[in-house]
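>>> Show me the folded form of this:
(2 chains)
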There are 2 protein chains.
Amino acid sequence: MTIKVHGGVFSTATLRVRVCLNEKSLDYEFIPVDLRSGHHKQDPFLSLNPFGQIPAFQDGDLNLFESRAITRYIAHSYTGEGVPLVSSDAKKAAVEDVWAEVEAQRYEPPAAKLTWELGIKPILGMATDDDVVKAQEAELAKVLDVYEARLAQSKYLGGDAFSLADLHHLPTLKYLMASPVKAVFEACPRVAAWAADIMARPSWQKVLADC
Amino acid sequence: MTIKVHGGVFSTATLRVRVCLNEKSLDYEFIPVDLRSGHHKQDPFLSLNPFGQIPAFQDGDLNLFESRAITRYIAHSYTGEGVPLVSSDAKKAAVEDVWAEVEAQRYEPPAAKLTWELGIKPILGMATDDDVVKAQEAELAKVLDVYEARLAQSKYLGGDAFSLADLHHLPTLKYLMASPVKAVFEACPRVAAWAADIMARPSWQKVLADC
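Residues are numbered from 1 along each chain as shown, chains lettered A, B, ... in the order given. As a prediction, this is how the structure comes out:
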């Protein structure tokens, strides 16, 4: 087993890498990082990720960090394994990549703040800031309106096939669909159906079972 | 001429696409979008970018948006033209992509806020918020400390060759190096030298001459 994922069971970025590996049916070793002791802010972890954040990823002698760069590497390097997560057609792949950027640049900022307020703070015994939730729900709703129109054109965000553009959403969906933000998704019927569809994938169910 | 870039001369995301096309020695038609009249928030522009933001990109019948997805498409689709912006070695390309993600996820948030406060607001006759500048300079400094260590290991952020990981920084560098934030860069000598090096590239000088 040469693939190693150093991360945390609650970390959305770690979950993103794990579900990608499952889609590719790749075995890997999960190495929990002791965040409470701050091991990710010290050597030797800093040699894996100089920003001191999880996850870090190793495939043989290759060290990577940043979850979306890791998933792109996996998708492009293991094309013969599991589910194709990137189209073999360059133009279709470019459109998938546009929607993956939309996730990173437009969906993630409100989704991450809502995940922190409603998913992680309760685990840590911290109080949710309702004003932040209200403002970020409004931001998220604007993004989901665009998704609703997009999903009238194609089954998945990137096109007719499930791709990284969809997969990257799964970790924050885990927290948001178990919170009051679910109502924001349910206001967009195509988005709600898409979320239910991708969350039912065996790759994601296996991540949940493994955590 | 089949490549079209719809954008604005002050827009960092538009500049990112233009410098990439110049590196590839690709001709393109620049189509200014009338932002003051809000043309980007209306049809037909919304059919090119449903978020109503610039740039939008057309290559024949292919429509793309999100500047970093556009540059990846250009780099991967025009491998035989101009400067290689992505390594042909899969592992080296993955490391370049990690540092491109670092730009998007860690450098861009403070750099974009500083660009707005110090580069764009003055153009629009708006007052700079000094508290925002101070806070974002501190955030940027943390990122540049990591860059300084990285550039002790390799000439460019992604490795020994200039790549998209470097190129994506150029538009915000344009504004920040002409502002007091330049001192934050100059506190990191390798970063300052790297910035001067990439800003001297003919591809970038041509963008500046064309704007």
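>>> so what pLDDT did A:S37 get?
Looking at A:S37, its pLDDT is 83.
>>> for A:H168, what are its contacts?
A:16, A:68, A:71, A:100, A:103-104 (C-beta atoms under 8 Å, 6 or more residues apart in numbering or on different chains). Any C-beta I mention is one placed from the backbone N, CA and C, and that applies to glycine too.
>>> cutoff 10 Å now
A:12-13, A:16, A:19-20, A:67-68, A:71, A:99-104, A:107-108, A:157 (C-beta atoms under 10 Å, 6 or more residues apart in numbering or on different chains).
>>> same question, A:L167
So A:L167 contacts A:16, A:19-20, A:22-23, A:71, A:75, A:83, A:85, A:100, A:103, A:156-158, A:198, A:201, A:203-204 (C-beta under 10 Å, 6+ apart).
>>> swap the cut-off to 7 Å and go again
Listed by C-beta atoms under 7 Å, 6 or more residues apart in numbering or on different chains, the contact set of A:L167 reads A:19-20, A:23, A:71, A:85.
>>> so which of these is the most crowded?
Within those, A:C20 tops the neighbour count with 29 neighbours, counted by other C-beta atoms under 10 Å in any protein chain shown.
>>> In a helix, that one, correct?
Yes. Counting by DSSP: H, G, I helix; E, B strand; the rest coil, A:C20 is located in a helix.
>>> Skipping adjacent residues, who's closest to it in space?
Spatial nearest neighbour of A:C20, excluding adjacent residues (C-beta to C-beta, 6 or more residues apart in numbering or on different chains): A:T71 at 4.3 Å.
>>> any idea which helix or strand carries that neighbour?
helix A:67-77 (DSSP states H and E).
>>> cool, A:K4 as well?
Assessed by DSSP H and E, A:K4 sits inside strand A:3-7.
>>> what's that strand packed up against?
Secondary-structure packing of strand A:3-7 (3 or more C-beta pairs under 7 Å, 6 or more residues apart in numbering or on different chains; DSSP states H and E): helix A:12-23, strand A:29-32, strand A:56-59.
>>> Where do the helices of chain A begin and end?
A:12-23, A:45-48, A:67-77, A:90-102, A:108-115, A:121-124, A:130-150, A:164-167, A:170-176, A:182-186, A:189-199, A:202-210 (DSSP state H).
>>> May I see the ones you listed arranged in CSV, with mean pLDDT and distance to B:A56 as well?
Formatted as CSV, the helices of chain A follow (pLDDT from 0 to 100; distance: least, C-beta to C-beta, whole Å):
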stretch, mean pLDDT, distance to B:A56
helix A:12-23, 98, 28
helix A:45-48, 90, 38
helix A:67-77, 97, 22
helix A:90-102, 97, 10
helix A:108-115, 97, 21
helix A:121-124, 91, 38
helix A:130-150, 98, 14
helix A:164-167, 98, 18
helix A:170-176, 97, 27
helix A:182-186, 98, 27
helix A:189-199, 98, 23
helix A:202-210, 96, 33
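>>> closest to B:A165 out of those?
Closest to B:A165 of those is helix A:67-77 (C-beta to C-beta; 10.0 Å).
>>> Tell me which other helices or strands that closest one touches.
Using 3+ C-beta pairs under 7 Å, 6+ apart, helix A:67-77 sits against helix A:12-23, helix A:164-167, helix B:90-102.
>>> which parts of the last one are buried?
If you call a residue buried by 16 or more other C-beta atoms under 10 Å in any protein chain shown, then helix B:90-102 has these buried ones: B:91-102.
>>> quick one on the thing from earlier: in CSV: the contacts of A:L167, plus distance to A:V146.
Below are the contacts of A:L167 laid out as CSV (distance: C-beta to C-beta, whole Å):
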residue, distance to A:V146
A:V19, 24
A:C20, 24
A:E23, 25
A:T71, 22
A:L85, 22
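>>> how much space between the residue nearest to A:C20 and chain B?
Applying C-beta to the nearest C-beta, to the nearest Å, the value for A:T71 to chain B is 10 Å.
>>> ok, and what's touching stretch A:69-76?
A:16-17, A:20-21, A:24, A:57, A:64, A:85-86, A:164, A:167-168, B:90, B:94, B:97-98, B:101.
>>> what's the answer for stretch A:77-85, then?
Stretch A:77-85 is contacted from outside by A:20, A:23-26, A:75, A:162-164, A:167, B:90, using C-beta under 7 Å, 6+ apart.
>>> Over to stretch A:90-104?
A:68, A:86-87, A:157-159, A:163-165, A:168-169, B:62, B:64-66, B:68-69, B:72-73, B:76-77, B:104.
>>> redo that, cut-off 8 Å
By C-beta under 8 Å, 6+ apart, stretch A:90-104 touches A:68, A:86-87, A:143, A:146, A:150, A:157-159, A:163-165, A:168-169, B:51, B:62, B:64-66, B:68-70, B:72-73, B:76-77, B:104-105.
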